[in-house]
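>>> got a structure for you, letters missing:
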């Protein structure tokens with residue numbers, strides 16, 4: 001009954017998303033997938049031998065955070081050059097299908113690890129049904145944003161953390177590299193680093209899966225960098241450095257920016273200078289939380305949840321669709337919750353979805369939604385993992 005209800009609700013959700021997509025596509029100019037169009041245009045520039053970066057940004061003009069401009073690292077534009085020949089509508093459809101397929105692949109991996117006895121069809125059907133009801137993901141799909149790949153990328157990293165096989169750690173390392181092309185997810189590298197140190201301590205000095213993820217990420221990252229320079233030269237990277245420098249003076253106080261420093265600055269009537277100053281503390285706190293979670297939270301899912309939430313605020317701009325990165329954590333919590341634990345976990349996850357929907361009109365609530373997912377991860381942990389941890393070893 002619950003599965004049937006989820007499928008019915010999800011079908012209505014998908015109909016709503018498609019209806020909005022049609023309306024956005026009918027606008028002149030089309031507003032459907034405008035974020036993806038930036039990536040496609042950057043790829044077309046690269047394919048034509050031009051820089052993917054706007055001349056005014058390269059010259060040092062400070063951008064507005066909400067202004068549309070390409071600001072990713074060169075490998076993204078170089079990869080998108082492969083799709084340069086595709087019509088925008090075809091590329092948008094393919095992008096959306098890859099995002100949904102990636103979510104399903106991660107869900108299947110988590111199902112096999114946490115609930116192999118559960119029906120594959122039911123788990124995947126519910127996942128597809130619920131997807132459009134998670135507004136950050138739905139908005140990202142309509143925008144064609146890079147973040148719609150976060151369920152796949154963060155999910156691959158989570159799988160590497162909870163089920164560290166040789167294949168999963170390599171894929172997790174690759175996912176860390178691809179996600180970090182957007183810069184702010186790079187803080188997950190700190191989580192894996194601290195986690196690797198903890199694993200060596202707990203396992204009598206033997207390296208664990210986190211170290212293999214880091215090693216894979218370093219190797220793959222170097223390969224990507226070398227290929228980028230070989231294919232495009234140093235020019236795009238020099239332009240990118242200028243864009244990053246211009247971005248440090250960006251206008252960030254905006255009603256659409258959920259960044260903590262921008263919100264606080266707006267509340268007290270401050271401007272961008274105050275927001276940028278406040279973000280020095282916010283960014284540092286995000287890294288501290290990441291390291292703390294890796295070291296102090298024994299359960300890998302809860303620990304990963306804290307680090308994921310922190311990774312969304314390492315930069316001064318946090319968009320509404322960023323929290324789609326927490327979807328794999330919600331799925332893991334739902335799958336491993338059994339017996340008396342299942343009802344409170346599902347209640348927390350449903351509340352997170354509802355609060356996330358409301359937060360589109362009240363952005364600070366986005367952090368409440370993220371907190372509810374973290375709480376669900378903690379509540380779903382096996383009892384020993386939820387037990388209080390010792391402050392330190394004897395003699396420390």
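Nice, thanks for sending it over. A quick note: this is a predicted structure, and the numbers were derived from the prediction, not measured. Numbers count the residues shown, from 1 in each chain.

>>> so who does residue 154 touch?
For residue 154, the contacting residues are 175, 179, 185, 188, 308, 325-329, by CB atoms under 8 Å, 6 or more residues apart in numbering. Bear in mind the C-beta positions are built from the backbone N, C-alpha and C, glycine included.

>>> Rebuild those as CSV, extending it with neighbour count and distance to residue 257.
Shown next, in CSV, are the contacts of residue 154 (neighbours: other CB atoms under 10 Å; distance: CB to CB, whole Å):
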residue, neighbour count, distance to residue 257
175, 30, 26
179, 25, 21
185, 26, 18
188, 29, 22
308, 30, 20
325, 28, 17
326, 28, 19
327, 25, 22
328, 28, 25
329, 28, 24
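
>>> Closest one to residue 149 out of the residues you listed, please.
Residue 149 has its nearest neighbour among the contacts of residue 154 in residue 179, at 7.8 Å by CB to CB.

>>> I'd guess that closest one is in a helix, am I close?
Yes. Under DSSP: H, G, I helix; E, B strand; the rest coil, residue 179 sits within a helix.

>>> quick one, what contacts the closest residue in space to residue 374 that isn't next to it in sequence?
Among residues not flanking residue 374 along the chain, residue 305 sits closest, at 4.6 Å (CB to CB, 6 or more residues apart in numbering). Residues counted as contacts of residue 305 (CB under 8 Å, 6+ apart) are 293, 326, 329, 373-374, 377-378.

>>> burial measure for residue 220, as a count.
For residue 220, the neighbour count with other CB atoms under 10 Å is 17.

>>> Now do the helices in the stretch 251-396 of the chain.
For the stretch 251-396 of the chain, the helices defined by DSSP state H, counting those that start in this stretch cover 260-267, 272-296, 300-311, 327-336, 342-358, 365-380, 383-386.

>>> Show me which of the contacts of residue 154 is closest to residue 200.
Comparing those against residue 200 with CB to CB places residue 188 closest, at 18.9 Å.

>>> ok, the closest one touching residue 309?
No. If you go by CB atoms under 8 Å, residue 188 and residue 309 don't touch, sitting 11.2 Å apart.

>>> which stretches of the chain have low pLDDT?
Within the chain, the ranges that satisfy pLDDT under 70 run 1-2, 64-67, 203-207, 340, 384-396.

>>> go again using 80 as the cut-off
In the predicted model, the chain carries pLDDT under 80 at residues 1-7, 9, 60-68, 201-208, 339-341, 383-396.

>>> Look at residue 69 and give its secondary structure.
coil.

>>> what's the neighbour count on it?
16.

>>> now residue 34
With other CB under 10 Å as criterion, residue 34 counts 17.

>>> With residue 138 instead?
Residue 138 - counted by other CB under 10 Å - has 22 other residues nearby.

>>> what's the spacing between it and residue 271?
Taking CB to CB, to the nearest Å as the measure, residue 138 falls 32 Å from residue 271.

>>> does residue 111 really touch residue 117, like I thought?
No. Here residue 111 does not reach residue 117: they are 9.6 Å apart, not a contact under CB under 8 Å.

>>> the more surrounded of these two?
Counted by other CB under 10 Å, residue 111 and residue 117 do not tie: residue 111 has more neighbours, with 21 against 6.

>>> Wasn't that one part of a helix?
Yes. According to three-state DSSP, residue 111 belongs to a helix.

>>> which residues touch it?
So residue 111 contacts 118, 120, 123-124, 335 (CB under 8 Å, 6+ apart).
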